[in-house]
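>>> Sequence first, then the predicted structure:
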Amino acid sequence: MGRRSVLIGTGSALPARIVTNAELADQVDTSDEWIVERSGIRQRHIAGEGETTGTLATAAARQALAAAGIEPDSIDLIVLGTTTPDQTFPATATLVQRDLGCAGGIAFDVAAVCSGFLYALGVADAMLRTGMAHRALVIGAETMSRIVDWEDRATCVLFGDGAGAIVLEARESDDPSAPGVIASRLHADGRHNELLFVDGGPSTTGTVGKIRMKGKEVFKHAVTNLADVLREVLDAAGISADELDWVVPHQANKRILDGTAKKLGLAAEKVIVTVDRHANTSAASVPLALDIAVRDGRIVPGQLVMLEAMGGGFTWGASLIRM
Ligand code: UT7
């Protein structure tokens, strides 16, 4: 019998405050028209006082546990993708563990920026399949607003805050059509650091730093890398793009979603889009979009769902799941 990681619940959380493009146009030289045309973003949620990556992650995790119908103390693994931890150390995953009341299992953060959730999922799936844990919370959570340069119009209009979480449970099955993570592929290419990075850190400046991005170059790499890794996962699973029920992409830019779908010959109606409401929430964007589509009834058990993301590093990856 083979061990599989089965998705048994999803959850998400967003800060209360919504900031529209029009509000940003009062602060920097931009316009609603430019932001919508270039990125598809209309608004974003921004964390207020007392809202942190940890509190958003915990709220999303609670929802995912409730959806799965399980108690926090049965969780023995928490993997949290984030690039905006509450503290330099310890890992925000341990704060979530403390606040949920599920001490004693494994808990750590994964740093892969916008691909953080895909990396967290890959690690959790491998640990569940090898028997190191049995029930995992996989979370993507960010407060990008805290590392955005609010004077740089080229980046500050693009990001938002939020969190998404899933519960994975290890189950034995030999049925290839049974629910579970079917195939995942992850990549990194450290040569592109200067195209997307933060200009600070504990070991260099001793400060947190701010996001710096050469948007146009990142855009080109994103469409190519995403199309490549999607094909890789489809090949590994032995299926074609038209067999997918849904694609849940990282929500950085509506034009990247459209470009990637076009390259793969994928119908636009199968792509879950939340970038208009949430902007780019980095590691949170994929599980957040997934939870929204599960809760509004689009994604249902039995369907084939592809998750994908690309971000700083560069890092990128994709994962195919039977719901
Ligand atoms: O999460 C994963 C990593 N991130 C991404 O995937 C982001 C990838 N990149 C993008 O989404 C797009 O490149 C952007 C949305 C960032 C920019 O769109 P673009 O079509 O590549 O525009 P651009 O950077 O070439 O800028 C075009 C013009 C420039 O003016 P000039 O040089 O043509 O006179 C910019 O200065 O737009 C100007 N501009 C703005 N204008 C109004 C840049 N930001 C703004 C702004 N409002 N907020």
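On my side now, so go ahead.

>>> who's in contact with the closest residue to R231 other than its chain neighbours?
Distance criterion C-beta to C-beta, 6 or more residues apart in numbering; nearest residue to R231, sequence neighbours excluded, is L264 at 7.2 Å. Every residue, glycine included, has its C-beta placed from N, CA and C. When the contact criterion is C-beta atoms under 8 Å, 6 or more residues apart in numbering, the partners of L264 are A227, L230, R231, A241.

>>> Ramachandran angles for L264?
Reported as degrees, to the nearest 10, the phi and psi values for L264 are phi -90, psi -10.

>>> From the ligand, how far out is it?
17 Å (C-beta to the nearest ligand atom, to the nearest Å).

>>> thinking again about what came up before, return the member of the contacts of L264 nearest to the ligand.
Proximity of the contacts of L264 to the ligand (C-beta to the nearest ligand atom) peaks at A227, which lies at 13.9 Å.

>>> residue ranges for the helices of the protein, please.
Here the chain has its helices, by DSSP state H, at 21-25, 32-39, 53-68, 92-100, 116-129, 153-156, 215-237, 254-264, 275-278, 285-295.

>>> Turn those into TSV, columns for distance to A183 and mean pLDDT.
What follows is the helices of the chain, written out as TSV (distance: least, C-beta to C-beta, whole Å; pLDDT from 0 to 100):
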stretch	distance to A183	mean pLDDT
helix 21-25	38	98
helix 32-39	30	98
helix 53-68	23	98
helix 92-100	25	98
helix 116-129	10	98
helix 153-156	33	98
helix 215-237	4	96
helix 254-264	16	92
helix 275-278	26	98
helix 285-295	16	98
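
>>> Let's see the ChimeraX selection covering just the buried ones among the contacts of L264.
Of these, the buried ones can be selected in ChimeraX as follows, counting by 16 or more other C-beta atoms under 10 Å:
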select :227,230,241
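
>>> what about the residue nearest to H278 when sequence neighbours are not counted, neighbour count?
Leaving aside its sequence neighbours, H278 sits nearest to G160 (C-beta to C-beta, 6+ apart; 5.2 Å). Neighbour count for G160, taken as other C-beta atoms under 10 Å: 31.

>>> Many thanks, I have nothing further to ask.
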